Structures are given as structure tokens and as C-alpha cells.
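Student: Here is a sequence with its predicted model. Questions after.
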Amino acid sequence: MTWIYVLAVFLLLITIYDLTQKKHAILRNFPIIGHFRYMLETVGPELRQYIVTSNNEELPFSRDQRTWVYASAKKQNNYTGFGTDNDQERSPNYLIIKHDTLGRADNRHHDDHFSLPCAKVLGGHRDRRHAFRPASVVNISGMSFGSLSSAAVEALNRGSAIAGCLHNTGEGGISPHHLHGGDLIWQLGTGYFGARAPDGTFDLEACIRQVEAHPVRAIEIKLSQGAKPGLGGVLPGEKVTAEISRIRGVPMGETVISPAGHKSFSSVDEMLDFVEHLADATGLPVGIKSAVGLLGFWKDLADAMASEDRGVDYIAIDGGEGGTGAAPFAFSDHVALPFKVGFTRAYSIFAERDVHQNVVWIGAGKLGFPETALMSFCLGADMIAVGREAMLAIGCIQAQRCHTGHCPTGVATQNPWLVRGLDPTSKAERLANYVITLRKELTRLSHACAVEHPGLLTAKHMEVLDGHYGSRPLLEVFGYEDGWELPSEADATAVLQAMRSA
């Protein structure tokens, strides 16, 4: 019987270790049995050869993509061996980066604090009082406290501070978990949480107080998101805790409805009045976030900005492939254009009116990988926002349980036991490692194309294979005119000077 006691003591020690260590959320939340997940992961490549999917078949993110994020976040080897396992010649819509044969020297990619500033000054075109040049072209997308746990939000904010990138609050308001050193983009959705009057309308005075009290660098008016455009939200009363009530400015215990549209405006003209009023009162750059569907709104907005001084400071385009904690099946799968299509249609409308360089363009929707991020810059984006990729960096395993409240890694849940497994300090470092690595890769790829900054790439630098031994440059695929994607000469010169002096 001695071996039974030895085994019991051994398992007890493992349990104690698992519960007290802070490196792996899975082990903290599921002691002992959590080890089986890592064991199966270790032999996964062998098993997949016979009975499971390939490295590139899983969605929304393939095993290759998840592995790259995990390795980058942990500062492990994120290289691959033995060549690509993608069937390039027979894969339609396969992206190819067109490198320059001679390229250019790349001497900075080993810098642990590597920065990559935006090519444009946010709010600079309209001389906002607090205009600034974002220090990072890679930033964290809007994910609210409530959809994410307190520990996850804290990890994202701490990591943003380390990496020097911006952290979007999501539409749930500014919480104490957002206040750990990272600069914020404060997102205002239709619920106006944090700047909400008792009747659910926008309260400007409350907005000003929030801006003065917190490290807010810009304000984002959320019109829609890619995962559920045109749809409002419902927060059941039982989920409106004292903390949520205080943060969102809603009565505790009462169901909160976020309508599909804004109460403060119902037309482009009224929206621009709202934007300018908000920018004048706070001095901050003000932008909009939206998915792309019918194009009438974008034509009206571009026409207005081409004919008068009012305008938004940035436009964030979210692709229909974007993620969310929960959405109806049809909205998630079939509403809103995917990023490549939606972004290029909106961008072209502004470029045709020669106002595309008057705003900062931000892309979102599965862009958190070197090749897709580079593609967005080739199409005219000035920055990207990463959401689910940032979640992967802090421990998400793509369990796809976000909508149930039972996220096993403590990222997308409010369950205290599961949240306990996520240590914000260690996960913050991983988030920062991921962001910095992605910036390095963007620069290395740009240098391979003989360009110093990804914002100086054009749609000529990438081609799309058609799966039939043919290909077309992005310029032709999306009907761009030559030079649409490039920033002004002044912006290009300024950002290169900023990089060289960093």
C-alpha cells in the first residue's frame, strides 16, 4: 500500500503547485487534469497526420496561427521548418508579398523595445488640441470589461503600457482594470456607458469628467462592429453588479438595453456636429468605428468632408470576420463585408474625393499576423487593431466558450474561480511580447520590399494567387489608382524622422 500513499502525496504536491503557480491559467483552474491538455498538445503533430485536421484547416484561427501567437508571446522560437505546408498554387486568394531582390539592411529587429510609430498624426489635420502621433501601428481593439474578465482587461492594459500601444476600452466604459499604465481609446457605443444620462442619452459633462480623470488619448464613436453590425445589446439585470453599475452609469440589478442606433444623431450631418462638439469640448481626436454594408453612409460622409471643415479624425473599419463574445449565428456569419472588401470600398470612396489622407485609417478583423497586417497597410491602413489575437497572447485557447461564461482560461468570463487562473502581471508581458514581435515582423517584411515603414507600402507590393496558376496585384483586384495608399510626403518624411530618432 506504500505506493498508494506515495502517489497520493505526489498528486497532492502537483495540485498545490498547480494552484499556486501563475504561469499557466489552465493548470491553476484545472489542477492535475490540465496537464493532459499540454501532453496531448505535445503529440498533436503526430496525431494530426492521421486522424485530425491539418495545421491550416481550423477556424477562426488555424493551429499555425495560434502557434505563432503563443510562441511570439512567450519569446520562443516562432520559426517553421522544412518549408511551407500551404498549397500555394492551388489556393485561391492566397496572398504573396513581392520582395525587392536587393532589399535593404535590417539592423533593428533584435531591439526588445522596438517601436513603429504611425505615419500620420492623429487629429493633426484638424488641429485638435491634443493631437498626437501614435507610437505603435499595432494597438488593442475594443473589448469591454464584462465581455472580458477583470484580470484579462488588466493584463491587456499593463501589456499595452509595456509595448507602448493604445488600449481600446470597448463600449462598456472605463473601469479600474483599464488603469494600469496603458493609454486609452475610450469607445462610446449606443449605450454611452460612462457618459450616460439617466434617460440613456449622452451626457457631455460626464464625458468631460471621464476624460479629465483618465489617460484617454482619443474617443471612438462605435457605429457597429464586424461580428454583429446593426444589432444592439442587452445586459440582463442579474449581471448588473455594483461594479458594473458604477462603471456604466446604470441602475444596479436592472436590465440595460443598448439600442442598434445612436440617440445623439441620425444622419451624417448630425453625426459630424456631434463629433465636432465632442472634439471641441475635450480637445481629443474623435473617430468612428464601423463595419461596411450599404455604401450610402460612406459616400455622404466623404462628400461632407470634401466640402467643409467638419470631419472625423480617424476611421476604424471592422471586417465581418471580426469576433465578439456572443452574437446571433446569421449576424456573425453573414452580415457585413469582410475586411478586404469593406475597407477597400470605403477607402476608395474617400480617395476618389481626395480626402483619404485627411484621416487616420485603422483596420481590424483577423489582421494580427504579419502577412495580413502587411496587406492592410498595402491597402491604405495606417494602423491595425487586434482583438482575438491579443486574447490568444494572454492565454485564450480558442475554446469558443465566450458566450457561455465558462472560458477555461479566465479570459472571457466573470466566474471568480476561472478568473483567478489568469495572472495579469505575467500575461501582460506576453501581450507586450506579441505586439512587439508583430511590429518587428512588419518592419522586416517592409525592409524585404525595400521600404522603411509599412505605411509606405502600396497595393503593388502584394499579389493574390487565383488557384489556377495566375495572380493579380492588389491594385488591380480592388480597383485602386496608383498612389492612393501612400501618405503625404510630409507625413512620410516625419514618420521616418521619428523612427530614426527613436
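Tutor: Alright, I've got the coordinates. Numbers count the residues shown, from 1 in each chain.

Student: Report the separation between Phe377 and Phe343.
Tutor: 11 Å (C-beta to C-beta, to the nearest Å). To be clear about C-beta, it is placed using only N, CA and C from the backbone, and glycine gets the same treatment.

Student: domains in this protein, as residue ranges please.
Tutor: Using automatic domain parsing, the domain parsing of the chain gives 2-89, 138-501.

Student: So for Arg126, which of the ones you listed sits nearest?
Tutor: Closest of the domains of the chain to Arg126 is domain 138-501, at 6.3 Å (criterion: C-beta to C-beta).

Student: Span of the closest one from start to end?
Tutor: Distance between the two ends of domain 138-501: 19 Å, counting by C-alpha to C-alpha, to the nearest Å.

Student: The protein: strands as residue ranges?
Tutor: Secondary structure of the chain (DSSP state E): strands at 94-97, 138-140, 167-168, 184-188, 216-222, 233-235, 256-258, 286-290, 314-318, 360-364, 383-386, 462-465, 471-473.

Student: Least reliable of those strands by average pLDDT, please.
Tutor: Looking at these, the lowest mean pLDDT belongs to strand 233-235 (a mean of 67).

Student: how about JSON lines for the strands of the chain, with distance to Arg63 and mean neighbour count added?
Tutor: Shown next, in JSON lines, are those (distance: least, C-beta to C-beta, whole Å; neighbours: other C-beta atoms under 10 Å):
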{"stretch": "strand 94-97", "distance to Arg63": "18", "mean neighbour count": "16"}
{"stretch": "strand 138-140", "distance to Arg63": "23", "mean neighbour count": "27"}
{"stretch": "strand 167-168", "distance to Arg63": "28", "mean neighbour count": "28"}
{"stretch": "strand 184-188", "distance to Arg63": "32", "mean neighbour count": "26"}
{"stretch": "strand 216-222", "distance to Arg63": "32", "mean neighbour count": "23"}
{"stretch": "strand 233-235", "distance to Arg63": "32", "mean neighbour count": "16"}
{"stretch": "strand 256-258", "distance to Arg63": "35", "mean neighbour count": "18"}
{"stretch": "strand 286-290", "distance to Arg63": "30", "mean neighbour count": "23"}
{"stretch": "strand 314-318", "distance to Arg63": "25", "mean neighbour count": "27"}
{"stretch": "strand 360-364", "distance to Arg63": "23", "mean neighbour count": "28"}
{"stretch": "strand 383-386", "distance to Arg63": "19", "mean neighbour count": "28"}
{"stretch": "strand 462-465", "distance to Arg63": "22", "mean neighbour count": "20"}
{"stretch": "strand 471-473", "distance to Arg63": "26", "mean neighbour count": "15"}
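
Student: List the buried residues for stretch 32-40?
Tutor: For stretch 32-40, burial by neighbour count (16 or more other C-beta atoms under 10 Å) applies to Gly34.

Student: again, but for stretch 127-143
Tutor: Quick answer for stretch 127-143 (16+ other C-beta under 10 Å): 128, 131-143.

Student: For Leu102, list the residues it contacts.
Tutor: Counting by C-beta atoms under 8 Å, 6 or more residues apart in numbering, Leu102 makes contact with Ala450.

Student: what are the phi and psi values for it?
Tutor: phi -90, psi -30 (degrees, to the nearest 10).

Student: What ranges does the stretch 101-250 of the chain have for its helices?
Tutor: 150-163, 204-213, 242-248 (DSSP state H, counting those that start in this stretch).

Student: just these: most buried one?
Tutor: helix 150-163 (a mean of 26; mean count of other C-beta atoms under 10 Å).

Student: Residues contacting that one, please?
Tutor: With C-beta under 8 Å, 6+ apart, helix 150-163 has contacts from 136, 138-140, 143, 145, 148, 166-167, 175, 177-183, 390-391, 393-394, 410-412, 419-420, 422-425, 427-432, 435-436.

Student: Could I get the average pLDDT for that helix?
Tutor: Average pLDDT, helix 150-163: 97.

Student: repeat for stretch 259-272
Tutor: Stretch 259-272 carries an average pLDDT of 94.

Student: List the buried residues for that stretch?
Tutor: So, applying 16+ other C-beta under 10 Å, buried residues of stretch 259-272: 262, 264-265, 268, 271-272.

Student: Ok, stretch 273-288 next?
Tutor: Across stretch 273-288, burial judged by 16+ other C-beta under 10 Å covers 274-276, 278-279, 282, 284-288.

Student: Distance of Ile394 relative to Leu294?
Tutor: Counting by C-beta to C-beta, the gap from Ile394 to Leu294 is 36 Å.

Student: With Thr413 instead?
Tutor: In terms of C-beta to C-beta, Thr413 sits 36 Å off from Leu294.

Student: Of those two, which one has the most company?
Tutor: Thr413 (26 against 7; other C-beta atoms under 10 Å).

Student: If you drop the residues flanking it in sequence, what lies closest to that one?
Tutor: Cys407 (4.1 Å; C-beta to C-beta, 6 or more residues apart in numbering).

Student: For the one you found, the count of nearby residues, please.
Tutor: For Cys407, the neighbour count with other C-beta under 10 Å is 30.

Student: check contacts around it.
Tutor: Contacts of Cys407 by C-beta under 8 Å, 6+ apart are 149, 396, 399, 401, 413, 415, 418.

Student: where are the low-confidence patches of the protein?
Tutor: Scanning the chain for pLDDT under 70 picks out 1, 38, 40-56, 105-113, 226-239, 324-327, 502.

Student: Please go through the chain and pick out the longest helix.
Tutor: Assignment by DSSP state H gives helix 424-448 as the longest helix of the chain.

Student: which helices and strands sit right next to it?
Tutor: Helix 424-448 sits against helix 63-73, strand 138-140, helix 150-163, helix 370-378, helix 388-393, with contacts defined as 3 or more C-beta pairs under 8 Å, 6 or more residues apart in numbering; DSSP states H and E.

Student: got these as a markdown table, with distance to Arg472 columns?
Tutor: Listed next are the helices and strands packed on helix 424-448 as a markdown table, based on distance: least, C-beta to C-beta, whole Å:
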| stretch | distance to Arg472 |
| --- | --- |
| helix 63-73 | 25 |
| strand 138-140 | 28 |
| helix 150-163 | 36 |
| helix 370-378 | 13 |
| helix 388-393 | 28 |
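
Student: Figure out which of those is closest to Thr84.
Tutor: It's helix 63-73; of the helices and strands packed on helix 424-448, that one is closest to Thr84 (C-beta to C-beta) at 9.7 Å.

Student: So which elements touch the closest one?
Tutor: Counting by 3+ C-beta pairs under 8 Å, 6+ apart, helix 63-73 packs on helix 388-393, helix 424-448.

Student: roughly how far apart are the most centrally placed residue in the chain and Cys396?
Tutor: Centroid check for the chain by C-alpha atoms, centre = their mean gives Val386 as the closest residue, at 1.9 Å. Distance, Val386 to Cys396, by C-beta to C-beta: 12 Å.
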